[in-house]
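**Q** Task: produce atomic coordinates for the following.
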Amino acid sequence: MDKILRINMGEEGCPAVVINSIGDYSGLGGRAMTSAIVSKEVPPLCHPLGANNKLIIAPGLLSGSLAAMSGRISVGCKSPLTGGIKESNAGGQPSQVLARLGYAAVVLEGKPKDDTLYKIVINKDGVKIIADNSLRMLGNYDLIDKIKKEFGDKICCISIGPAGEMKLSAASIAFTDMELRPTRHAGRGGTGAVMGAKGVKVIVLDDTGMQNRSPKDPEKFREANKNFVQALKNNPVTGKGLPALGTNALINVMNESGGLPTNNFKMGKFEGVSKISGETQVETERARGGLVTHGCHRGCVIRCSGIFNDKDGNYLTKQPEYETVWAHGANCGIDDLDAIAMLDRLDDDFGLDTIEMGAAIAVAMDAGIAEFGDAQAAIYLVKEVGKGTPLGRILGNGAAITGKVFGVERVPVVKGQSMPAYDPRAIQGMGVTYATSPMGADHTAGHARITNLLGLGIKLDYQKPESQIELSRILQIATAALDSTGMCLFINYAILSKPENFQFYVDLINGFTGREMTKEDIIDLGKSVLKNEREFNAKAGFCANNDRLPEFFKNEPLPPNNVTFKINDEELDQIFN
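**A** Reported below is the predicted structural model:
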């Protein structure tokens, strides 16, 4: 990947294409690439939907190679949801394809002078930008069906649904999976709204005629990849738990810990959890002819996804992930797995972040717009978003806006972004990550349930504040580096459990790139990414007061364990000193 594709959507006459050498961004990939470009090229005080913001789509450092698990992609911009820097991460096929085409990043710049909608086609012969208003307000599923009829099925796509076109702050960007379905989403932060503001409906990628990227040291790369894959297979989580039950294996664990946010973070346990558990989900999928184990991109060996069919045995959606099952399930008091799967399908089709939408609906339920547990009301509310009604536009701009409009005090957001499926009162380290991550409340920024990092052997009581600052700091640094390689976050379960497994990961990077990176170099990479992100946010007006949880987490004990968030503001302010 030695070039950057820049497309100025605001050029006079028609969008203009410029292909640059990678230049100052050499050696970067994924989140390191997106955050470097945003921090260097985007004015921090610009309007997120204006011409001066940029949308960067970057495959990981190892994407396009035969490295296992290397198909994640990063999307970066100034977020319309948080007002700060954003990196949103997704699986699917586009990362591998874009990397094989030789692009380290695609940068959408400027803004069209009118409301013309465009599709962009990228292949070995170059780039075409085509005006196509027939795509207007299509859902992602109908859109991809139409694109397949035009370009065949040897492609992959990056697209937005109606929510992105309406520039809603909860809008996601869809990435097609191996079956060319728009099921993998860069969900967080409203990246879909920025793509919509650029006038781009879909990017069609075709790597026909291109080869896999070659490692600099083939023998070292091959040996490291073999050891890395074996480490993933030997680990009980990545080799057994996730392939068998998917990510929703976690919901029973979280419920038993008393940290599963229920009814808009009022409680830590959900009575109906058995009806929506990973075990029930797998039984349902098997009975209906779906798939229990499925990869979101080629090269995935964990295969934690699946296929969820409806009661008639027809495809409905990919296997709803843990965060989705929680957001549209326990957080809204809903114990109907079919309703949750339908909500997942609608979110993917309209192009919406499932976490943000589940949180917004729960806040609306707290306001009396619907009753907790009313699945059909939740489906109705998401359809309102797809239609762009006034109520739908309120919900589609996220939980923070929904709370302000309806006068709700309990709104679980940081920097305007809703919290995922871990109550920070029960898992104190997650609260630190929510509060201090440059991204806003985001579990993937520093997942504090993973406590054994780089052989340090950190094992903590999650309900106590001791050492949680240090844990979150380490995990945020490690995750920033991991997001830059194109690797799936779930490899952490294996590489952080044994020092030799982490070394396989380092050897894999070195065998591919020809570098001689050490464990310390990986840490330095993560630090540099966070430094870029925090400096951008500071210039955008963020200060220590933005690194805070809503006050109800300190004041309201969480049943059943009746715990509060105990880490004080002074400690939070020390995390990156």
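**Q** longest helix in this protein, by residue count?
**A** helix 519-539 (DSSP state H).
**Q** which residues of the stretch 401-550 of the chain score low on pLDDT?
**A** When residues are selected by pLDDT under 70, those of the stretch 401-550 of the chain lie in 450-458.
**Q** Do a quick rundown of the helices in the stretch 101-250 of the chain.
**A** Along the stretch 101-250 of the chain, counting by DSSP state H, counting those that start in this stretch, helices occupy 140-151, 162-165, 191-197, 218-234, 236, 242-245, 250-257.
**Q** From A193, how far out is L49?
**A** For L49, the distance to A193 under the criterion CB to CB, to the nearest Å works out to 6 Å. C-beta coordinates here come from the backbone N, C-alpha and C atoms, glycine included.
**Q** swap in A287?
**A** Separation of A287 from A193 (CB to CB) stands at 39 Å.
**Q** still on that earlier bit, could you export the helices of the stretch 101-250 of the chain as JSON lines, including mean neighbour count, mean pLDDT and distance to I307?
**A** Formatted as JSON lines, the entries for those read as follows, by neighbours: other CB atoms under 10 Å; pLDDT from 0 to 100; distance: least, CB to CB, whole Å:
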{"stretch": "helix 140-151", "mean neighbour count": "18", "mean pLDDT": "98", "distance to I307": "14"}
{"stretch": "helix 162-165", "mean neighbour count": "28", "mean pLDDT": "98", "distance to I307": "24"}
{"stretch": "helix 191-197", "mean neighbour count": "30", "mean pLDDT": "98", "distance to I307": "24"}
{"stretch": "helix 218-234", "mean neighbour count": "18", "mean pLDDT": "97", "distance to I307": "22"}
{"stretch": "helix 236", "mean neighbour count": "11", "mean pLDDT": "91", "distance to I307": "24"}
{"stretch": "helix 242-245", "mean neighbour count": "20", "mean pLDDT": "93", "distance to I307": "14"}
{"stretch": "helix 250-257", "mean neighbour count": "20", "mean pLDDT": "93", "distance to I307": "19"}
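**Q** Export these to JSON lines and append columns for distance to F308.
**A** Output for these, formatted as JSON lines (distance: least, CB to CB, whole Å):
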{"stretch": "helix 140-151", "distance to F308": "14"}
{"stretch": "helix 162-165", "distance to F308": "22"}
{"stretch": "helix 191-197", "distance to F308": "23"}
{"stretch": "helix 218-234", "distance to F308": "25"}
{"stretch": "helix 236", "distance to F308": "25"}
{"stretch": "helix 242-245", "distance to F308": "13"}
{"stretch": "helix 250-257", "distance to F308": "15"}
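**Q** quick one: which of those is nearest V42?
**A** The stretch from these with the least distance to V42 (CB to CB) is helix 191-197; that distance is 10.5 Å.
**Q** would you put the C-alpha positions of that closest one in CSV?
**A** Listed in CSV are the C-alpha atoms of helix 191-197, where the atom choice follows Å, rounded to 0.1, in the frame of the first residue of the first chain:
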residue,chain,number,x,y,z
THR,A,191,-19.3,8.5,10.3
GLY,A,192,-22.2,7.7,7.9
ALA,A,193,-23.4,11.3,8.3
VAL,A,194,-20.0,12.6,7.1
MET,A,195,-20.1,10.2,4.1
GLY,A,196,-23.6,11.5,3.3
ALA,A,197,-22.4,15.1,3.6
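**Q** Give the other helices and strands that the longest helix of the chain contacts.
**A** For helix 519-539, the contact count by 3 or more CB pairs under 8 Å, 6 or more residues apart in numbering; DSSP states H and E identifies helix 30-41, strand 85-90, helix 468-482, helix 499-513 as packing neighbours.
**Q** rewinding a little: now do the shared contacts for L49 and A193.
**A** Taking CB atoms under 8 Å, 6 or more residues apart in numbering as the contact criterion, the residues that touch both L49 and A193 are P80, K167.
**Q** Which strand residues bridge I203?
**A** I203 has the following beta-bridge partners by DSSP bridges: I120, I158.
**Q** wait, isn't it in contact with I155?
**A** No - with contact defined as CB atoms under 8 Å, I203 does not count as touching I155 (10.2 Å).
**Q** Skipping adjacent residues, who's closest to G388 in space?
**A** Of all residues beyond its chain neighbours, the one nearest G388 is M166 (5.3 Å), with distances taken as CB to CB, 6 or more residues apart in numbering.
**Q** my read: that neighbour touches G396, true?
**A** Yes - in terms of CB under 8 Å, M166 counts as a neighbour of G396; the distance is 7.0 Å.
**Q** What residues of stretch 25-42 count as buried?
**A** Judged by neighbour count using 16 or more other CB atoms under 10 Å, the buried positions of stretch 25-42 are 25, 28-39, 42.
**Q** Kindly reformat those as CSV containing pLDDT.
**A** Rendered in CSV, the data for those read as follows (pLDDT from 0 to 100):
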residue, pLDDT
Y25, 97
L28, 96
G29, 97
G30, 97
R31, 98
A32, 98
M33, 98
T34, 98
S35, 98
A36, 98
I37, 98
V38, 98
S39, 98
V42, 98
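**Q** of all those, which two lie farthest apart?
**A** Across the buried residues of stretch 25-42, the two members that end up farthest from each other (CB to CB) are G29 and V42, 18.9 Å apart.
**Q** Neighbour count for I203 and I155, which is higher?
**A** Relative neighbour count places I203 above the other of I203 and I155, with 26 against 23, counting by other CB atoms under 10 Å.
**Q** ok, that one to I158 distance?
**A** Counting by CB to CB, the gap between I203 and I158 amounts to 4 Å.
**Q** which residues do those two both contact?
**A** Counting by CB under 8 Å, 6+ apart, the shared contacts of I203 and I158 are I57, P94.
**Q** and the residue lying closest to H47 once chain neighbours are set aside, how many neighbours?
**A** In space, and not counting its chain neighbours, H47 is closest to N53: 7.1 Å by CB to CB, 6+ apart. By the measure other CB under 10 Å, the count of residues near N53 is 24.
**Q** and N53, what is it in contact with?
**A** For N53, the contacting residues are V42, C46, H47, C77, K78, V194, A197, by CB under 8 Å, 6+ apart.
**Q** do the same with V237
**A** Residues in contact with V237, defined by CB under 8 Å, 6+ apart, are F490, Y493, A494.
**Q** Does the last one lie in a helix or a strand, and which?
**A** Put plainly, it is A494. Counting by DSSP states H and E, the element that carries A494 is helix 492-495.
**Q** for that helix, packing partners?
**A** The elements that helix 492-495 packs onto, with contact taken as 3+ CB pairs under 8 Å, 6+ apart, are helix 218-234, helix 468-482, helix 499-513.
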